[in-house]
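> Quick check, what structure comes out for this input:
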Amino acid sequence: MAPLPPTGRSPLLLALLAPCLALAGCISSPHPPVNPSGQPASTASAAVYPPGTGPAPALPAPESSVLPVVEIAPAVGWPEGTGPTPAPGFTVTAFARGLDHPRTVLVLPNGDVLVAETNKPPAATPPEGLRPKAMAAVQERAGAGVASADRITLLRDADGDGIAEQRHVFLAGLHSPFGMALVGGTLYIANADALVSVPYTTGATSISATPRQVAALPAGRNHHWTKSLVASADGRRLFVGVGSNSNIAEHGMQEETDRAAVLEIDPATGAVRVFASGLRNPAALAIHPHDQRLWAVVNERDELGNDLVPDYLTAVVEGAFYGWPYSYWGQHVDARVQPQDPALVARAIAPDYALGSHVAPLGLAFHPGTGFAARYRHGAFIGLHGSWNRQPKVGYRVVFVPFADGRPSGPPEPVLEGFVNERGDAQGRPVGVAVDARGGVLVADDVGNAVWRVAAAGDR
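Numbers count the residues shown, from 1 in each chain. Sure thing, here's the model as predicted:
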């Protein structure tokens, strides 16, 4: 694997930031991530919901501190020939390596795989103040400081061996693309600032057409720049997840218009409306095959302690309000937010399923059951990118949440681990997930610059 690109930070600046980072607890402990119970993820009980997870998590009292907890896993990449560790019953292969910060994956009907190689767009204005500079340095050390490739790459596994032997630049010159959805002969792409479309022909390995703007999307400061995307089951509506422009609206609610929400867009007219709100960062969206309902994984707020607030998986109900910024997990008021809005808090609903605090879910895919045991049918595979603000670290793995009758029905189960080595460094970080034509689960790894393929043991 090629070495990671330099951070671009001068030694003088890093020296100036070091005291702030030290005070903030910016360390890399030599320990792998743990689940909320404090035990290694691989030993979590399959019969009991670990603390902070499931449909009814116990929530501790909020904690406050002058400086945020910062505990990162410095990005180092995978040693040659290594990769993540599958749970018993699974195998993992490198579907593709040598990518440039892959974040999301879309499987096309003919089996081709599109990968968005992307990262945050450059800031319109450099951050001011010591704390924003310190946090930017932290994110760079965690592997998020690379320039965006701004392209979509097509991967093709023509011989079906689980390894893509063809790679093509499918579409370049985009603006921090993230979400992708194919409806008929049209490919939709959610850039950081706009939903765009291009014509698609089955089997094409590149597109030369200029993307057409369907609708503008909130941009500007872009505290959360990613825009997740999925089409409704009938293809007549597009849903776009837009994260907040802050942690708890500290820049004012005027910067949160059409943010912390799932937007519904009419692809024919470009009309935009808020479908559901109060979702701090709906980082991945998916339609459940049981009843075609929309689901999301959501990254919640920070700086209320190690075990608040749980990130979550939830069905997204039309017209519903999920609390942000005024409350969390239903009607638990966040007293830091002033002024409050009691009327909105009164109608805030609790999510369906907690995934643990600070685990950072960024990928979601429901499995059709092909190629896996029957118990995996219609369950959710979720990529947990991993914490940067919790001691000890959590996440950094792919988990499975079983479903029954269209609802979560059991504790999260580890599927892919080993992204953090024994020194506490990040060899990889899972992001988007998708299910390929033969039932394998594809996992984008933005630190390892790879796409991994998880299959049932004995399958290819």
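
> so how far is Gly330 from the nearest residue to Pro310 once chain neighbours are set aside?
Distance criterion C-beta to C-beta, 6 or more residues apart in numbering; nearest residue to Pro310, sequence neighbours excluded, is Ala354 at 3.7 Å. The way it works is simple: take the backbone N, C-alpha and C, and place the C-beta from them, glycine included. Using C-beta to C-beta, to the nearest Å, one gets 12 Å for the distance from Ala354 to Gly330.

> Compare neighbour counts for those two and give me the winner.
Ala354 (30 against 13; other C-beta atoms under 10 Å).

> so what does the helix or strand harbouring Phe400 touch, helix or strand wise?
In this assignment (DSSP states H and E), Phe400 forms part of strand 397-401. With contacts taken as 3 or more C-beta pairs under 8 Å, 6 or more residues apart in numbering; DSSP states H and E, strand 397-401 sits against strand 380-384, strand 413-417, strand 430-435.

> Any idea what the closest residue to Phe90 other than its chain neighbours is bridged to?
Among residues not flanking Phe90 along the chain, Val454 sits closest, at 5.4 Å (C-beta to C-beta, 6+ apart). Beta-bridge pairing for Val454 (DSSP bridges): Val92, Val441.

> shouldn't Val454 be in contact with Ala94?
No - between Val454 and Ala94 there is no contact under C-beta atoms under 8 Å: 11.4 Å.

> The two - which one has more neighbours?
Higher neighbour count among Val454 and Ala94: Val454, with 27 against 20, using other C-beta under 10 Å.

> which residues touch the more buried one?
86, 90-92, 398, 415-416, 440-443 (C-beta atoms under 8 Å, 6 or more residues apart in numbering).

> From the residues you listed, list the buried ones, please.
Among those, those scoring as buried are 86, 90, 92, 398, 415-416, 440-443 (criterion: 16 or more other C-beta atoms under 10 Å).

> Check the spacing between His175 and Ser228 real quick.
Taken as C-beta to C-beta, the span from His175 to Ser228 is 16 Å.

> ah, wrong one, I meant Val48
31 Å.

> neighbour count winner among the two?
Ser228 (28 against 11).

> Check the gap between the residue nearest the centre of the chain and His224 for me.
Central residue of the chain (C-alpha atoms, centre = their mean): Leu362, 1.2 Å from the mean position. According to C-beta to C-beta, Leu362 stands 11 Å off from His224.

> same question, Val297
13 Å.

> The residue nearest to Ala456 when sequence neighbours are not counted: what secondary structure?
Nearest non-adjacent residue to Ala456, counting by C-beta to C-beta, 6+ apart: Phe372, 5.3 Å away. What DSSP: H, G, I helix; E, B strand; the rest coil gives for Phe372 is coil.

> tally of neighbours for Phe372?
23.
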